[in-house]
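Q: Below is the structure, and that's it, no one-letter string:
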C-alpha cells in the first residue's frame, strides 16, 4: 500500500525533474580533490581536480621563492602576508570558504598591528607553513618529475619514433645512437602505451599529494579552534534546550495522564461501583454500561495518543522510510500536492529514526500552518559518507525564522544526534530544509 502511494507521488511534474536533478548534482559535487578521489575514483581523470592539483603543486616552488626573497625583513611576522596568499591559492583545492583568521588591531598604526599579530597563534603557524613550503617544493619537483615528466617523455619519444616509421624515416639518420628496439614500431607502440598509462596513474598520485598539502595548509593557515569553539557553544546551547524540552515533555505527559486518562479511569471505577450497587438491587444499569464503555474507549484513545507522541506507531510498524512516507501522506491529504523520493537503509539506529521522524513531522506541520504552499517535495537518501539526509522543500512564501520555536526544536533534535540542519528560505520562497544526521546503524 505504501509502495503504491510512494510510486504515485514519484510521478514528476514538468517543473520537478530540474529541482530533483539539481539536488542530486549538489549532493554528488566534490569540494576537495580528496573527496573527489574517494567518491568517484574511476571518474577522477574526467574532472578538473587532477589539473587543479597540478597547478597548485607547480605554483608552490614559485610562491616559496618569492616569499623567501621578499618577506624576510618582517622576521617573525613574515608568515602573515604568505597566509593571505595561501588562503587564496588554496581555492584551487578547496571550495569551502576560508575566512581571515586574524583579529583586527585595537588601534591604528604599524606598532599596534605588529603587537596584535605577534600575539596571535595563527601568525606563528603561518610562519611555520612558509618554512615547510621549501621542502614541499623539492618534494613536488621530485614527484612531478617521476610520475609525470618521465612517463610523458617516454610517451612523446615513442610517438616520435612511430611517426618516423609511418613516414619511412630511419631514426638512425636523425640519431645514429638509436637501438634496434627504438627502430621497432611494435616495441615503441607498447612503450608509448606504457608511458600514457604511467602518466594517467601519475595524475592520481598528483591528486593525492595535493590533497595532503591542502590538509596541511588548512591546518596551519586557518583557525579551526574558533570554528570548533562556536560549534561546541552551539551544541551546548542545543543540549540545554533539549534537556529543558525533555523536562517540559515529561510534565506534559504527566499532565495529560492526570487530566485525561487518569480522570477517565477514575470515572470508570466509580461507574463500575455504581453498576455493582444498582445491579445488586435489581435496577436497570444499561445507561451505566454505556457510560463505562465510553469512558474506557476515551481512556484507551488518550493513552494511545500519549504513547504515539513518545514513540510513533509508524516506526514500530515500519522503518523510517515508511514512516516518512506516511508523514508525506498527511500533507497530501491536507490538499498539498506531494512528491516523495525516499531511499533509506532499513538498519538505522532507533534514536536517529525517532529524531528524524519528529523533526520531519515538525517541518511538515510548519508547511501546513505557515507556508501557504501548493506543492511539497520530500527526499531521503544516504550519502557516500554514510549520513542520512532528509529534505523537505515547499514552494510557499519563504522567509522562515531559524530562531522560531518550531525550527529551534528541529535544530536541537538534529544537533543532539551529531547532525546539522541546512535552511534555505529566501523571502519569496521556496523554502528548503535539509536534515543531515550520521547513520548510527
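A: Thanks, I have the structure now. A quick note: this is a predicted structure, and the numbers were derived from the prediction, not measured.

Q: Quick check: which element contains residue 379?
A: Secondary-structure element containing residue 379, defined by DSSP states H and E: strand 375-382.

Q: Tell me how far residue 263 lies from residue 347.
A: Per CB to CB, to the nearest Å, residue 263 is found 42 Å from residue 347. Just so you know, the C-beta spots here come from the backbone N, C-alpha and C atoms, and that holds for glycine as well.

Q: Would you enumerate the residues in contact with the nearest residue to residue 337 once chain neighbours are set aside?
A: Spatial nearest neighbour of residue 337, excluding adjacent residues (CB to CB, 6 or more residues apart in numbering): residue 375 at 4.4 Å. Contacts for residue 375 (CB atoms under 8 Å, 6 or more residues apart in numbering) come out as 13, 336-339, 394-395.

Q: if I look at residue 375, how far off is residue 393?
A: 9 Å.

Q: repeat for residue 195
A: From residue 195 to residue 393 the distance is 50 Å (CB to CB).

Q: Compare the two and say which is more crowded by neighbours.
A: residue 393 (24 against 20; other CB atoms under 10 Å).

Q: Is it correct that residue 390 falls within a strand?
A: Yes: under DSSP: H, G, I helix; E, B strand; the rest coil, residue 390 falls within a strand.

Q: packing partners for the longest helix along the chain?
A: For the chain, the longest helix by residue count, based on DSSP state H, is helix 185-221. Secondary-structure packing of helix 185-221 (3 or more CB pairs under 8 Å, 6 or more residues apart in numbering; DSSP states H and E): helix 33-39, helix 49-70, helix 79-89, helix 121-144, helix 150-166.

Q: So for stretch 167-182, mean pLDDT?
A: Confidence for stretch 167-182, expressed as mean pLDDT, is 64.

Q: next one: stretch 407-420
A: Here the average pLDDT along stretch 407-420 is 82.

Q: any idea how far that stretch is from the chain center?
A: Relative to its chain's centre, stretch 407-420 lies at 14 Å (CA atoms, centre = their mean, to the nearest Å).

Q: Over to stretch 199-207?
A: Taking CA atoms, centre = their mean, one finds stretch 199-207 lying 28 Å from the centre of the chain it belongs to.

Q: Show me which residues of that stretch are buried.
A: 199, 202-207 (16 or more other CB atoms under 10 Å).

Q: Closest to residue 326 out of those residues?
A: residue 207 (44.6 Å; CB to CB).

Q: pretty sure that closest one is in contact with residue 51, am I right?
A: No: contact criterion CB atoms under 8 Å: residue 207 and residue 51 do not qualify, at 9.6 Å.

Q: Would you mind listing the two of the buried residues of stretch 199-207 that lie farthest apart?
A: 199 and 207 (13.3 Å).

Q: Relative to residue 218, how far out is the closest residue to residue 211 other than its chain neighbours?
A: Spatially, and ignoring its direct neighbours in sequence, residue 211 is nearest to residue 34 (3.7 Å; CB to CB, 6+ apart). According to CB to CB, residue 34 and residue 218 sit 11 Å apart.
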